[in-house]
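# coordinates only, sequence not included:
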Ligand code: TLP
């Protein structure tokens with residue numbers, strides 16, 4: 001099966017499995033797992049932060065971050081297409097009592113600075129306290145688009161001026177750095193906190209890392225415990241994460257090249273419309289033209305019969321994500337499968 005539903009489907013590499021088998025472990029809740037400690041130090045160093053915390057998922061990383069930055073009734077400003085707003089089960093409000101203020105994400109995934117400026121509340125008892133701004137880079141629902149260091153810095157400057165903090169959902173921030181050709185820290189060091197995922201394009205089986213100051217990470221560590229995320233001998237997972245950090249960031253441009261190849265092939269097929277500028281990184285978003293007599297679900301079922309799995313993200317819309325386990329011949333096969341699925345009456 002050629003699985004393009006997400007880069008979350010990536011299986012660990014043989015090198016990761018070997019590292020997991022021989023990982024030295026200890027009780028991480030006591031801070032005694034040497035492999036977790038090593039992963040956290042490396043993540044802090046790479047992102048340009050003082051400290052880091054290994055968490056079970058991107059969702060847990062974002063939740064722990066927002067709960068460590070905000071108290072009940074505080075407000076977080078985020079995009080209306082932010083993963084945290086759309087796909088994290090409303091955890092920040094359900095579990096943290098944090099109020100969210102959505103601003104329109106621009107097609108490139110950014111939030112307009114003027115919109116942010118206007119959204120920050122004055123000190124008035126009618127209003128919640130504006131505490132945090134969250135950004136997403138790359139931006140999933142905006143097409144895997146990315147923002148450069150200059151934009152991040154502008155948002156951070158604005159936040160500083162108004163006494164707010166900035167959290168970056170950097171689930172795929174390594175893809176953003178690869179696409180921009182900048183060191184990771186150029187995108188991650190300016191913000192107060194960042195979550196990145198080991199289990200997406202970096203191919204590890206489980207886990208994300210939250211990075212920030214010592215004091216922030218100490219608060220996040222308590223929140224992680226509260227959420228049931230104290231994982232004990234987690235070194236077996238962190239070992240795969242270490243291999244991911246050391247070996248995977250340098251190859252992400254291959255996924256981006258294959259996404260471009262896929263887009264070029266799909267663009268030739270009648271009835272398929274690609275998003276303008278797609279792909280920016282490893283995601284191809286496409287829509288079925290009105291003349292196509294099938295819904296996306298039906299097309300996805302046909303594609304599956306041809307050995308291809310794709311993400312259905314709307315009645316007539318798909319997301320295809322390239323990753324480590326997708327080869328050039330899979331791209332050609334996917335284009336061929338689409339052609340057949342759309343031709344079949
Ligand atoms: N995204 C998943 C789905 O939930 C949509 C995917 O297949 O892309 N931030 C961003 C930007 C994400 O895309 C995701 C996962 C997360 C956070 C959450 O990460 P996990 O799945 O590890 O909780």
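Sure thing, it's come through. Just so it is clear, the model here is predicted, and its values are computed rather than measured. Residues are numbered from 1 along each chain as shown.

# for the ligand, what are the nearby residues on this structure?
Selection of the chain residues close to the ligand by Cβ under 6 Å from any ligand atom yields 6, 8, 57-59, 83, 87, 136, 140, 169, 171, 197, 199, 208. For the C-beta atoms, the positions are set from N, CA and C on the backbone; glycine is no exception.

# Now tabulate those in CSV and tack on neighbour count and pLDDT.
Shown next, in CSV, are the residues of the chain next to the ligand (neighbours: other Cβ atoms under 10 Å; pLDDT from 0 to 100):
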residue, neighbour count, pLDDT
6, 16, 98
8, 14, 98
57, 19, 98
58, 27, 98
59, 21, 98
83, 19, 98
87, 12, 98
136, 31, 98
140, 23, 98
169, 31, 98
171, 28, 98
197, 27, 98
199, 24, 98
208, 28, 98
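
# Would you point out which residue is most central in the chain?
Computing the C-alpha centroid of the chain and ranking residues by Cα atoms, centre = their mean puts residue 171 first, at 2.5 Å.

# Quick check: that residue touching residue 209?
No. Judged on Cβ atoms under 8 Å, residue 171 makes no contact with residue 209 at a distance of 11.0 Å.

# Based on its surroundings, how many neighbours for residue 294?
The number of residues packed near residue 294 is 17, by other Cβ atoms under 10 Å.

# Is it correct that it is in contact with residue 288?
Yes. Under the criterion of Cβ under 8 Å, residue 294 is in contact with residue 288, at a separation of 7.2 Å.

# dump the residue contacts of whichever residue of the chain sits closest to the ligand.
Taking Cβ to the nearest ligand atom as the measure, the chain has residue 58 as its residue closest to the ligand, at 2.5 Å. Taking Cβ atoms under 8 Å, 6 or more residues apart in numbering as the criterion, residue 58 is in contact with 83, 169, 171, 195, 197, 199, 200, 208.

# go again using 6 Å as the cut-off
171, 195, 197, 208 (Cβ atoms under 6 Å, 6 or more residues apart in numbering).

# tell me the contacts of the first one?
In other words, residue 171. Neighbouring residues of residue 171 by Cβ under 6 Å, 6+ apart: 58, 197.

# In the sheet, which strands lie alongside the strand ranked longest in the chain, parallel or antiparallel?
Ranked by number of residues, the top strand in the chain under DSSP state E is strand 129-136. Here strand 129-136 has these sheet partners by DSSP bridges: strand 74-79 (parallel), strand 165-170 (parallel).
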